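Need a 3D model of the sequence below.
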Amino acid sequence: MGRFDICYNHLVVKDFDVSELKKLYFPPPDSHKGQNGKLLLIGGSHLFHAASLWALKVASRIVDMVFYSSVPENNQIVLEAKKEFRDGIVVPRKQLESYIDEADCVLIGPGMVRSEHGMSNIKYPMSNIQEINQIQDEGEQTYYLTKYLLTKYPQKIWVIDGGALQMMEKEWLKDMPEVILTPHHGEFERLFELVPTQENIEKMAREYSAIILCKGEEDIVCLPGEALAAGECVAVKGGNAGMTKGGTGDVLAGLVAALACKNDLYLAAKAGSYINKKAGEALFQRVGYTFNSSDLVNEIPKVMRELLPIT
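Numbers count the residues shown, from 1 in each chain. This is a model prediction of the structure:
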């Protein structure tokens, strides 16, 4: 066991090996538009505008194309910001399914809301997205839309964050072979009804065959094992209290999802966590704690350039 390894029963949690960043995908010099990743981002609500936009902005710096789908007023905000968002398409919710097959990865949840009352009255299934769009309670709409898409397209690469995580049921993960979950501690406990210890994060990753990136002062990223065999987990340290501000998790989700379009999913989760924290540290060196999520979005490309020098 290495110097920095932590053993919890039979689970070994290692520090992230920075040399793994060298494995990240780089666009070939002769690549063409669309070859270097296409992400479908489903998020936002009438209450939370900025969350999905932070995820969108960071992803659009990494992949060739982002298909963005939100509520109408968020779609309009993005349409008006086309000067920044050139390589993307705004997709009305009713047309979502036309873009799922084309996307390399789907990110769902940033800025989506949960219902303030229980979901015991939910009567699933609903037959199509048009019916789901008619639901007045946005939390219930989050529930229906998340379940509809995850159960209809389980073979897609999914990154599940925010409101989708808060409204989903863990049983939906059973038939999803390629999924990354990005919960903070409260979301993990809400979904799995367990305290997010290292052992429990690994256990849930193994039981539901999901890569779990549990966010905190120290991020824990777990790759599921097989049967009763323990999986692998890494601890990603760093960051600072400036990253407790709203939106930093949405930035991380967008970063991880963008990396997941062209990389191994476990590597995407680990590398995204590390890069996000390093961007926060770089900002702290210049301005202390006085930075926000927009600053973090703009810092990530600079940090990636330093961490991943292109010769």
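
Tell me the helix or strand right after the worst-scoring helix or strand of the chain on mean pLDDT.
None of the helices or strands of the chain scores lower by mean pLDDT, DSSP states H and E than strand 6-8, at a mean of 45. Downstream of strand 6-8, the next assigned helix or strand under DSSP states H and E is strand 11-15.

Quick check: neighbours of that next one in the sheet, parallel or antiparallel?
Here strand 11-15 is paired, per DSSP bridges, with strand 6-8 (antiparallel), strand 232-236 (parallel).

What helices and strands are in contact with the longest helix seen in the chain?
When the chain is parsed with DSSP state H, its longest helix is helix 265-287. In this structure, helix 265-287 packs against strand 179-181, strand 211-214, strand 219-223, strand 232-236, helix 248-260, helix 293-307, with contacts taken as 3 or more C-beta pairs under 8 Å, 6 or more residues apart in numbering; DSSP states H and E. For every residue, glycine as well, the C-beta is placed using N, CA and C.

contact partners of the last one?
Going back to what we said before, that points to helix 293-307. 18, 21, 50, 54, 57-58, 61, 243, 245-248, 250-251, 255, 275-276, 278-280, 282-283, 287, 291 (C-beta atoms under 8 Å, 6 or more residues apart in numbering).

what angle separates that helix from helix 248-260?
On the basis of axes from the mean of the first three to the mean of the last three C-alpha atoms, to 10 degrees, helix 293-307 is oriented at 40 degrees to helix 248-260.

How about helix 293-307, which residues are buried there?
By neighbour count with 16 or more other C-beta atoms under 10 Å, helix 293-307 contains the buried residues 293, 295, 296, 297, 299, 300, 303, 304, 307.

quick check: angle from that helix to helix 265-287?
Using the same axes, to 10 degrees: helix 293-307 against helix 265-287 is 110 degrees.

now helix 293-307: mean pLDDT?
If you average the pLDDT over helix 293-307, you get 96.
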